[in-house]
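Trainee: sequence plus the predicted model coming up.
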Amino acid sequence: MNLDHVFVCGNPALDFAATLRARRSVRFEMFVTPERLRAWYLESGIVDAVFPGDQADVDRAKTVREAVYQLVTARRLGEEYADEALDVLNGAARRPPAAPQLTASGRWTEATPDEALSTVARHAVELLSGPDVPLLKECGNPECTRIYIDRSRGMRRQWCGMESCGNKIKAAAYRARKKGAHTASAAAR
């Protein structure tokens, strides 16, 4: 059931906010159906099973996702939080979260869509009030708008992930250098 969800940001709330991709250009929406939202919850690992949801669950998830993105961006830039975004996030976080259970085979977390969303919102609250705030960075790929936690030595990480953005940027730079070298050698003849 892999639907190309990417988890490179270092926190489930950041990966959740990144499900609307390329916000400055072509905007690619990952949550187009209840099944896609359910797949994200499962693939993220925040729950092991999610009861089927409906379009209203998708709409609520998108609203919370946008609030998370606004709040993370404000925090990263040192700006004030928007009251509406705070209300949305805190409202979702106040709902009952997914509750892990101990079974004979280990930990198992089954949730409703609302419980899964509350769990994501609580991750956002913890992130935005915790020690990782100074480590928040936006991907260096101009087409990407993911925000990630940079835990690299010296905070030198430039991309959300090498697979998703780093290799694309490096390959494009290599092609540009090769083209420039080829054009320069042709002009020298």
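Mentor: Nice, I can see it.

Trainee: all contacts plus neighbour counts: C-alpha atoms, from now on.
Mentor: Will do.

Trainee: and L102, that one's in a strand?
Mentor: Yes - the assignment for L102, made by DSSP: H, G, I helix; E, B strand; the rest coil, places it in a strand.

Trainee: which residues does it contact?
Mentor: By CA atoms under 8 Å, 6 or more residues apart in numbering, the contact list for L102 reads W108.

Trainee: and for the nearest residue to I149 once chain neighbours are set aside, the neighbour number?
Mentor: Among residues not flanking I149 along the chain, L136 sits closest, at 4.7 Å (CA to CA, 6 or more residues apart in numbering). Neighbour count of L136, defined by other CA atoms under 10 Å: 23.

Trainee: now do the host helix or strand of V64, average pLDDT.
Mentor: Element membership of V64, judged by DSSP states H and E, is helix 55-77. Confidence for helix 55-77, expressed as mean pLDDT, is 98.

Trainee: tilt between the following helix or strand past that helix and helix 55-77?
Mentor: Helices and strands here follow DSSP H and E; after helix 55-77, the next one along the chain is helix 83-94. Orientation check (axes from the mean of the first three to the mean of the last three CA atoms, to 10 degrees): helix 83-94 against helix 55-77 gives 120 degrees.

Trainee: ok, residues contacting the helix holding V64?
Mentor: Residues lying outside helix 55-77 but in contact with it, judged by CA under 8 Å, 6+ apart, are 13-14, 16-17, 31-34, 37, 80-82, 84-86, 88-89, 92, 113-114, 117, 121, 124, 128, 133-134, 136-137.

Trainee: ok, the residue lying closest to L37 once chain neighbours are set aside - how many residues close by?
Mentor: Of all residues not flanking L37 in the chain, F31 sits nearest, at 5.3 Å (CA to CA, 6+ apart). Taking other CA under 10 Å as the neighbour definition, F31 ends up with a count of 19.

Trainee: tell me who's in contact with F31.
Mentor: By CA under 8 Å, 6+ apart, F31 lies in contact with T19, L20, L37, V58, K62.

Trainee: and the buried ones among these, selectable in PyMOL?
Mentor: What follows is the PyMOL syntax selecting those of the contacts of F31 that are buried according to 16 or more other CA atoms under 10 Å:
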select buried, resi 19+20+37+58+62
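
Trainee: which residues of this structure fall in helices?
Mentor: Taking DSSP state H as the criterion, the chain contains helices spanning 12-17, 34-44, 55-77, 83-94, 113-128, 167-188.

Trainee: tell me the pLDDT at the residue nearest to I149?
Mentor: Confidence per residue is given as pLDDT, and for L136 that number is 96.

Trainee: same thing with R23?
Mentor: For R23, pLDDT reads 88.
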